[in-house]
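Student: could you work out the structure for the sequence below:
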Amino acid sequence: MRKRVGDKIIPMVLTLLTFLLAFYQLLKIYHMESQFNRNILIIALFCLIAGFFTRWFVKLPLYLLVLCGGLFLNFSQNLSFSLTWASAFGQQLFNLGELFLAGRIGYLPEEIAISLVLLVMSLLAELLIEYERIVISYLIIIGYMLFLIIYNDIELPVEIVLFASLGLMHRFLLVHEKNKRNYFIVGTLLSVFLLITWAVPNDSIETRMLAPSATLRNYLNEQGFYQFIEETGAGNPTRSGFSEDDAVLGGPLLDDNQIVFEAQQQSPHYWRIDSKTYYSGSGWEDPASGNTRVESYSGEEIDLIDEDYQAELAEEEEINLTREVMDSYIPLPYGNKQINSEDPPAELYVNEETQRVDFQNNDPFRSFQLNWQDFEYTTEELADVSLTIPNTSIDYLQLPEQLPQRVIELAEELTAEEETFVGKVTAIEDYLKHSENFRYSKMDAGFPTENQDYVDHFLFDSQVGYCDNFSSAMVVMLRSVGIPARWAKGFSTGEEVSENHYVVRNSDAHSWAEVYFEGYGWLPFEATPSFNQPLQQTTPSSEEVSESSSEERTTTQETTEETGTEESSSTAEDSSTTTTSTVTEPTNERPFFISPVVRNIFYMILFVLTCGLIYILWRWHFYLYIFFWVKISRGNFLNIYPILLKKAEKFVLRPPEQPLSHYAQIFEESYPEFQQSFIHLTSIYEKALYGGEQEDKQSLTQSLLDVAWRLSQIKKKRNL
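Tutor: You can find the predicted model right below:
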């Protein structure tokens, strides 16, 4: 027992420190820091059980007893420690689990979280102390801490460095002799490592790490991986969807794939809900209530006509819309609309300034019909329009007094050589949409520093963001050169799940810029990369028209902003003068539907299996290498034995002049678990080397693999 305690005391201490640091962060997430002291004893007992006892029939009941004691200390429910408490707590866990799986609880309850973490700690205690599987154990711990950092709005850089340092020390003590000199060396190195990590600016490191991994993390976000992780935490990060509060923008955005509404229609388009005009430097706010006019409408047929638009309209199209989320707003396409509802008649509020439409009653319609005529105009027509300030009490040129000068200078530089009004608008749009300076990502979007302008931070510092960043930047830069603009929001086209049947989710929420053109009203412009404009204002040339008559022209849209990396396509219609208001039309259809939870669980399992495979390859690479030589390459025994010998010399040093047979005897004395196999293999090698009798090939192969396997498992002896 004394020898075992001597061997395990250092791993026990390091494991205890690691567990205490990790468990305290969990308690902070659930605001249970006051219970930390009582959990120190529980975690210490886990480490003592793993270090002092070797028999499983002793360990297992002790682990269960300590686990139950830990849960009782945290959730006593005003009962004594008894079967009555155990039954009551078990029933509570069961009820909370049902509510969580049913989606009625938006986070993992603390009772379940702490139960799982204490259980995992007991398993990790065995891995770290008994089996000394350091790398995989610390990867699990650090991975969990990274999830806490990302999805609970906390910063733990020092804690992560401490975890890494404890892991390195733990690993170091397993492969180096235990003496004061080595303690001093490893302590000094880790101290320097901590100081350097603490001193290096985090922003530069994060920027270098984020960019190469953006594609993978965006894909995981689109597939719901981060949402699944977030739903098992206690935090409340920003998730995609239509939001009423845009006063403070910035930070990462998680995809939410909840369906908002479905539409049966002929052509895809953007769904507009609202616009905002006042830019504070941090976000967007509604105009003052006294500056807006709200009209009330009711009836079975309600016409919503854009009086400012005087140009041509497309042919009428019928849209059947079914809402899954019963919010008050009505998402509508651009153009003239007629809302049809027979029983009961619709009752609507229409904000004449923002063009937002809401239901009046508290029980809005689930389904209704739209008769819709889209806008239809040409770029040439817009080129003839001169800059005009809309006649309204709202200031569409408003900007904060403290807007950085470099934002204004950039806008002036981009528009300096443009002669037409629309040319200035598209110059800013093209710069944001196509410049290599900017990168689209929902996961990497950051927050401005304190008192820093949101648009200025995006344009010149981070240059990474999603639709809110690009659209806000476009509106602010347009206003800075005297062009009236406002910030519009709603949903993009959604996904075509079957012919003419579109599904729009929270992840399709989108924002864009609107610019006022006299005779046309407020027209949308799209500055976000990989998104097409809600209304295409391009006029095809005669050559393009000729080509389109012989070969269908398609455009691929990668909608990474709100709907993921779906590939979409739309066909340009043959027209020499106009292009109708079309957006790229999704063509990918789902052959079958997989529940997001099932899909995310599959990805989690795949991730764990991948990590396990990597660990196996790392842990058993030497044995696999020998196995390849013996079984696959059919390598010569005289070439394979020296590889095994070199590996053995890492554990027991061999003087160059020492005979192999003598060295094999010394090696087996240090590692009796080889059970004479290394001596036997050395004897075979010496006979083969000096022309003696040959061993049976099958027996020789088995001896090689047996020694290779044992060499993969042993660890260096430590002097006590």
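
Student: where does the stretch 601-720 of the chain dip in pLDDT?
Tutor: The model of the stretch 601-720 of the chain has pLDDT under 70 over residues 601-608, 631-635, 692-696, 715-720.

Student: that one: strands as residue ranges?
Tutor: For the stretch 601-720 of the chain, strands defined by DSSP state E, counting those that start in this stretch do not occur.

Student: neighbouring strands for the longest strand along the chain, and are they parallel or not?
Tutor: Looking across the chain with DSSP state E, the single longest strand is strand 509-517. As defined by DSSP bridges, the strand partners of strand 509-517 come to strand 485-491 (antiparallel), strand 521-525 (antiparallel).

Student: run the chain-centre distance for it.
Tutor: Distance of strand 509-517 from the chain centroid (C-alpha atoms, centre = their mean, to the nearest Å) equals 27 Å.

Student: do stretch 491-499 as well
Tutor: Relative to its parent chain, stretch 491-499 has a centroid offset of 23 Å by C-alpha atoms, centre = their mean.

Student: buried ones in that stretch?
Tutor: Residues Phe491, Ser492, Thr493, Gly494, Glu495, Glu496 are the ones in stretch 491-499 that count as buried (16 or more other C-beta atoms under 10 Å). Where C-beta positions appear, they are placed from N, C-alpha and C, glycine not excepted.

Student: distance of Asp256 from Phe375?
Tutor: Distance, Asp256 to Phe375, by C-beta to C-beta, to the nearest Å: 30 Å.

Student: state the mean pLDDT of the longest helix seen in the chain.
Tutor: The longest helix of the chain (DSSP state H) is helix 2-29. Averaging pLDDT along helix 2-29 yields 79.

Student: which one of the buried residues of stretch 491-499 is nearest to Val515?
Tutor: If you rank the buried residues of stretch 491-499 by distance to Val515 using C-beta to C-beta, Ser492 comes first, at 18.9 Å.

Student: give me the nearest residue to the closest one, chain neighbours excluded.
Tutor: Of all residues not flanking Ser492 in the chain, His510 sits nearest, at 4.3 Å (C-beta to C-beta, 6 or more residues apart in numbering).

Student: same thing with Gly281?
Tutor: Of all residues not flanking Gly281 in the chain, Pro400 sits nearest, at 4.3 Å (C-beta to C-beta, 6+ apart).

Student: pretty sure that neighbour is in a helix, no?
Tutor: No: assessed with DSSP: H, G, I helix; E, B strand; the rest coil, Pro400 is coil; it does not lie in a helix.

Student: that one: neighbouring residues, count only.
Tutor: Number of residues near Pro400 (other C-beta atoms under 10 Å) recorded here: 15.

Student: can you tell me how far it is from Gln452?
Tutor: Using C-beta to C-beta, one gets 12 Å for the distance from Pro400 to Gln452.

Student: next: Pro404.
Tutor: The gap separating Pro404 from Gln452 is 9 Å, by C-beta to C-beta.

Student: now swap in Val504 and tell me
Tutor: Look at Val504 and Gln452: by C-beta to C-beta, they are 34 Å apart.

Student: more crowded one of the two?
Tutor: More neighbours surround Val504 than the other of Val504 and Gln452, with 26 against 16 (other C-beta under 10 Å).

Student: contact partners for the more buried one?
Tutor: Val504 sits next to Ile259, Val260, Phe261, Glu262, Ala263, Trp271, Pro331, Phe491, Thr493, Gly494, Glu495 when contact means C-beta atoms under 8 Å, 6 or more residues apart in numbering.

Student: out of these, who's nearest Arg323?
Tutor: Set against Arg323, the nearest of the contacts of Val504 by C-beta to C-beta is Phe261 (4.5 Å).

Student: give the bridge partners for that closest one, please.
Tutor: Arg323, Val504.

Student: in the stretch 301-450 of the chain, what residue spans correspond to strands?
Tutor: All strands of the stretch 301-450 of the chain, identified by DSSP E, counting those that start in this stretch, fall at 301-304, 317-323, 336-340, 346-351, 357-359, 367-373, 376-377, 439-440.

Student: show me what the fourth one is packed against.
Tutor: In this structure, strand 346-351 makes packing contacts with strand 294-299, strand 301-304, strand 357-359, judged by 3 or more C-beta pairs under 8 Å, 6 or more residues apart in numbering; DSSP states H and E.

Student: present these as a markdown table; the columns should include mean neighbour count and mean pLDDT.
Tutor: Putting the helices and strands packed on strand 346-351 into a markdown table (neighbours: other C-beta atoms under 10 Å; pLDDT from 0 to 100) gives the following:
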| stretch | mean neighbour count | mean pLDDT |
| --- | --- | --- |
| strand 294-299 | 12 | 85 |
| strand 301-304 | 15 | 89 |
| strand 357-359 | 19 | 88 |
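
Student: now tabulate those in TSV and tack on distance to Leu20.
Tutor: As requested, the helices and strands packed on strand 346-351 are exported to TSV (distance: least, C-beta to C-beta, whole Å):
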stretch	distance to Leu20
strand 294-299	58
strand 301-304	62
strand 357-359	53
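
Student: and Tyr623, how many neighbours does it have?
Tutor: The local packing of Tyr623 (other C-beta under 10 Å) involves 17 other residues.

Student: now Gln266
Tutor: Neighbour number of Gln266 under other C-beta under 10 Å is 11.

Student: in space, what's closest to it - neighbours in sequence excluded?
Tutor: Closest to Gln266 by C-beta to C-beta, 6+ apart is Glu317, at 5.4 Å.

Student: quick check: the gap between that neighbour and Val357.
Tutor: Separation of Glu317 from Val357 (C-beta to C-beta): 18 Å.

Student: before we move on, what about Phe421?
Tutor: Between Phe421 and Val357 the computed distance is 29 Å (C-beta to C-beta).

Student: same thing with Phe674?
Tutor: Taking C-beta to C-beta, one finds Phe674 at 81 Å from Val357.

Student: so where is the stretch 101-250 of the chain shaky, pLDDT-wise?
Tutor: 102-108, 146-165, 168, 171-240.

Student: again, 50 this time
Tutor: Within the stretch 101-250 of the chain, the ranges that satisfy pLDDT under 50 run 177-180, 200-209, 231-237.

Student: please apply the same query to the stretch 451-600 of the chain.
Tutor: Residues of the stretch 451-600 of the chain meeting the criterion pLDDT under 50: 536-598.
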